[in-house]
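Visitor: Okay, structure incoming, though there's no sequence with it:
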């Protein structure tokens, strides 16, 4: 059972990485081609910009603190 959960977790992380790379590729295409890049690419770029502008500075500080704690705990466990 644990082996099944481990493989599922691996597949989900691969899916997340592929999605993240797809979004980065679409943003790169939008930066290269500009407004002539197409409706889908422009819509994705607009959504990413809207999300980035909506993130509050307090949320970024909170994420930085959580990331620092995770790194510290990971180093102590090693």
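Guide: Great, that's in hand. Remember, predicted model here, so these are calculated numbers, not experimental data.

Visitor: which strands and helices sit next to the strand or helix carrying residue 19?
Guide: Secondary structure from DSSP states H and E places residue 19 in helix 2-33. Contacts defined by 3 or more C-beta pairs under 8 Å, 6 or more residues apart in numbering; DSSP states H and E place helix 2-33 against helix 39-54. The C-beta positions use only the backbone N, C-alpha and C, and glycine is treated the same way.

Visitor: From the centroid of the protein, which residue is nearest?
Guide: Centroid-nearest residue in the chain, with C-alpha atoms, centre = their mean: residue 20, separated by 5.3 Å.

Visitor: quick one: pLDDT of that one?
Guide: pLDDT for residue 20: 94.

Visitor: Against residue 3, how distant is it?
Guide: The gap separating residue 20 from residue 3 is 26 Å, by C-beta to C-beta, to the nearest Å.

Visitor: and for stretch 17-30, what are the contacting residues?
Guide: 37, 40-42, 44-45, 48 (C-beta atoms under 8 Å, 6 or more residues apart in numbering).

Visitor: Buried subset of those residues as a ChimeraX selection?
Guide: Buried residues among those (16 or more other C-beta atoms under 10 Å), as a ChimeraX selection:
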select :37,41,42,44,45
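
Visitor: May I see the contacts of stretch 17-30 organised as CSV, with pLDDT and distance to residue 76 added?
Guide: Below are the contacts of stretch 17-30 laid out as CSV (pLDDT from 0 to 100; distance: C-beta to C-beta, whole Å):
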residue, pLDDT, distance to residue 76
37, 91, 46
40, 95, 45
41, 95, 44
42, 94, 46
44, 94, 39
45, 93, 40
48, 92, 35
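
Visitor: could you redo the contacts of stretch 17-30 as TSV and give each row distance to residue 68?
Guide: Formatted as TSV, the contacts of stretch 17-30 follow (distance: C-beta to C-beta, whole Å):
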residue	distance to residue 68
37	37
40	37
41	35
42	36
44	31
45	30
48	25
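
Visitor: Let me know the closest of the contacts of stretch 17-30 to residue 63.
Guide: Distance to residue 63 across these (C-beta to C-beta) is lowest for residue 48, with 17.0 Å.
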